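Engineer: 3D, please:
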Amino acid sequence: MAVGMQYSIKNNRLKKAVCQGIRVEGDTVIVNPEEVQHLLILDALDSATEDCPWGRLVFDGTFDPDTVYYIYVFAQNEKQFVHDGEIQEIDSFMKDMDTGFAIKKEFMKLAGVRRFINKQDMLLYDIKGRYLWIVIEVLGEGSGTLSHIRVQSPGDNFMQAFPEVYQNYGDFFHRYISIFSTIYNEFQEQIDSRYQLLDLEQAPVELLNQYAEWLGLIVQGEFLSEDTLRMLIREAYLLNRYKGTRKVIERICEIILGETPIIVEKNSLSGYIRSEDNAVMDRLYGSSVHDVTLLLTGYVDEKKRAQLLYLLKQFKPIRTRLRIVLLQKIGILDGYSYMDMNARTYEQRVGMLEEHQLMDSMIILE
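Structural biologist: Okay, here's the model as predicted:
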């Protein structure tokens with residue numbers, strides 16, 4: 001059974017298209033509701049075959065109920081035509097912003113255009129030609145998106161399996177068989193894209209929790225952003241390999257906060273603490289040899305703090321008690337002030353209280 005060709009309209013083609021009242025983000029076309037006219041005029045698709053039978057045009061779209069969109073499709077064997085006595089490229093004519101769209105519609109009508117209204121799955125069986133042009137017009141003040149635009153040629157695999165006497169394109173039997181051919185093509189698309197489910201960069205976000213669980217990460221509750229979750233899964237093997245070490249604690253902090261913490265183990269301070277300082281050190285770094293303190297200099301809100309502790313508990317050494325200390329910018333030497341990190345001497349400054357100006361402990365009002 002012949003498979004045919006499928007053309008995908010993605011970012012590289014969309015960037016070359018004429019976009020009026022719309023914008024392109026990745027492989028998606030977004031309609032700007034503030035604009036009056038919305039047009040997408042694509043460059044011609046080249047099948048490299050004269051009188052190529054085009055089969056099907058499909059895209060995924062979401063539009064407001066009050067929005068109407070037209071899809072114009074036509075095909076020609078040549079990319080040039082005679083306009084005002086001169087030979088002109090069809091692509092150049094269609095993309096010329098100085099030529100009104102009404103004139104372009106007259107040209108498309110002469111070229112045998114097919115117009116579809118509010119359709120996302122269209123049969124193109126009566127359209128033949130080497131080159132295929134697609135124009136999308138959106139009317140109304142609502143918003144909308146188009147993505148995953150595909151064109152199939154010839155589009156019906158089943159019809160080609162029958163004897164030639166039955167291959168009368170466009171009749172009832174052809175359209176009836178096209179129902180099953182469409183179902184077959186959709187199944188084939190799903191099968192061909194199955195590999196993306198196991199590709200961490202393309203897998204749907206709904207599957208990420210399951211993949212994390214397979215790798216020993218407990219992340220239920222949607223408390224992590226999608227980018228953070230993908231990064232954790234990507235590094236899950238190394239994180240599990242170094243479980244129970246300083247390295248894994250540092251790496252988790254880098255993933256969640258983008259900062260490497262200063263790790264103070266109470267057990268490692270036993271040989272450096274004078275007996276008269278024991279009470280102070282116990283208040284700073286805990287009283288047990290199993291206490292570990294993480295010193296962070298950046299701002300961490302309660303949500304990030306909870307995320308960090310939840311993950312660290314899965315990788316910390318057994319019996320270890322973790323504490324997170326946020327080092328603020330301070331001007332005096334107190335318990336959590338370090339000369340090489342967050343201690344500062346007073347410097348008189350003159351400033352104004354305006355928008356986005358914050359007062360810390362180094363500001364004095366006179």
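
Engineer: From here on, just use CA atoms for contacts and neighbour counts.
Structural biologist: Noted.

Engineer: So what touches whichever strand or helix holds residue 252?
Structural biologist: Using DSSP states H and E, residue 252 falls within helix 246-257. Where contact means CA atoms under 8 Å, 6 or more residues apart in numbering, the residues beyond helix 246-257 that reach it are 228, 231-232, 239, 242, 259-261, 263, 300, 304, 307-308, 311-312, 315-316.

Engineer: let's go with 7 Å and repeat that
Structural biologist: Contact with helix 246-257 is made by 228, 239, 242, 259-261, 308, 312, as judged by CA atoms under 7 Å, 6 or more residues apart in numbering.

Engineer: repeat for stretch 20-37
Structural biologist: 10-11, 14, 38-40, 139, 141-147.

Engineer: Filter the contacts of helix 246-257 down to the buried ones, PyMOL style.
Structural biologist: Burial among the contacts of helix 246-257 is assessed by 16 or more other CA atoms under 10 Å; the matching PyMOL selection reads:
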select buried, resi 239+242+260+261+308+312
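
Engineer: In helices, which of the contacts of helix 246-257 fall?
Structural biologist: Counting by DSSP state H, the part of those found in helices is 228, 239, 308, 312.

Engineer: out of these, who's nearest residue 46?
Structural biologist: residue 228 (41.3 Å; CA to CA).

Engineer: Can you check the pLDDT for that closest one?
Structural biologist: On the pLDDT scale, residue 228 is placed at 86.

Engineer: Can you tell me how far it is from residue 256?
Structural biologist: 7 Å (CA to CA, to the nearest Å).

Engineer: Looks to me like residue 212 is in a strand.
Structural biologist: No - Residue 212 is assigned helix when assessed by DSSP: H, G, I helix; E, B strand; the rest coil, not a strand.

Engineer: Tell me which other helices or strands the helix or strand containing residue 152 touches.
Structural biologist: Applying DSSP H and E as the criterion places residue 152 in strand 144-153. Judged by 3 or more CA pairs under 7 Å, 6 or more residues apart in numbering; DSSP states H and E, strand 144-153 is in contact with strand 5-9, strand 28-31, strand 56-63.

Engineer: residues near residue 78, how many?
Structural biologist: 12 (other CA atoms under 10 Å).

Engineer: now it: how far from residue 72?
Structural biologist: Separation of residue 78 from residue 72 (CA to CA): 18 Å.

Engineer: now swap in residue 130 and tell me
Structural biologist: Distance of residue 130 to residue 72, given as CA to CA: 17 Å.

Engineer: What of residue 173?
Structural biologist: From residue 173 over to residue 72 (counting by CA to CA), the distance is 26 Å.

Engineer: hmm, back to that, ranking the helices and strands packed on strand 144-153 by burial, who's on top?
Structural biologist: Using mean count of other CA atoms under 10 Å, the stretch among the helices and strands packed on strand 144-153 with the largest mean neighbour count is strand 28-31, at a mean of 22.

Engineer: Quick check: mean pLDDT of that strand?
Structural biologist: Strand 28-31 comes out at a mean pLDDT of 92.

Engineer: which element follows that strand toward the C-terminus?
Structural biologist: Strand 28-31 is succeeded, C-terminally, by strand 38-41 (DSSP H and E).

Engineer: Sheet partners, orientation included, of that next one?
Structural biologist: strand 18-20 (antiparallel), strand 131-139 (antiparallel) (DSSP bridges).

Engineer: got the CA positions of that strand in CSV?
Structural biologist: Extracted C-alpha coordinates of strand 38-41, given in CSV (Å, rounded to 0.1, in the frame of the first residue of the first chain):
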residue,chain,number,x,y,z
HIS,A,38,-5.8,38.5,9.5
LEU,A,39,-4.0,36.8,6.6
LEU,A,40,-1.5,33.9,6.3
ILE,A,41,-0.1,33.4,2.8
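
Engineer: Which elements pack onto whichever helix or strand comes after it?
Structural biologist: Going down the chain from strand 38-41, the next helix or strand is strand 45-46, by DSSP H and E. Judged by 3+ CA pairs under 7 Å, 6+ apart, strand 45-46 is in contact with strand 131-139.

Engineer: can you rerun that using 10 Å?
Structural biologist: If you count contacts as 3 or more CA pairs under 10 Å, 6 or more residues apart in numbering; DSSP states H and E, strand 45-46 packs onto strand 5-9, strand 131-139.

Engineer: between the last one and strand 144-153, how big is the angle?
Structural biologist: In this case it means strand 131-139. Note on geometry: by axes from the mean of the first three to the mean of the last three CA atoms, to 10 degrees, strand 131-139 and strand 144-153 are set 160 degrees apart in direction.

Engineer: now swap in the shortest one and tell me
Structural biologist: Using the same axes, to 10 degrees, the interaxial angle of strand 5-9 with respect to strand 144-153 works out to 160 degrees.

Engineer: Show the average pLDDT along stretch 253-265.
Structural biologist: 86.

Engineer: just stretch 53-62 next, same as before
Structural biologist: Mean pLDDT, stretch 53-62: 89.

Engineer: And stretch 171-180, by the same measure?
Structural biologist: Stretch 171-180 shows an average pLDDT of 80 in the prediction.

Engineer: Output it as CSV - backbone C-alpha positions only.
Structural biologist: Output of stretch 171-180 as CSV, limited to C-alpha atoms (Å, rounded to 0.1, in the frame of the first residue of the first chain):
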residue,chain,number,x,y,z
ASP,A,171,-17.1,9.7,-7.1
PHE,A,172,-19.1,8.2,-4.2
PHE,A,173,-16.9,5.1,-3.9
HIS,A,174,-13.7,7.3,-3.6
ARG,A,175,-15.2,9.4,-0.9
TYR,A,176,-16.5,6.4,1.0
ILE,A,177,-13.1,4.7,0.9
SER,A,178,-11.5,8.0,2.0
ILE,A,179,-13.2,7.6,5.4
PHE,A,180,-11.2,4.5,6.2
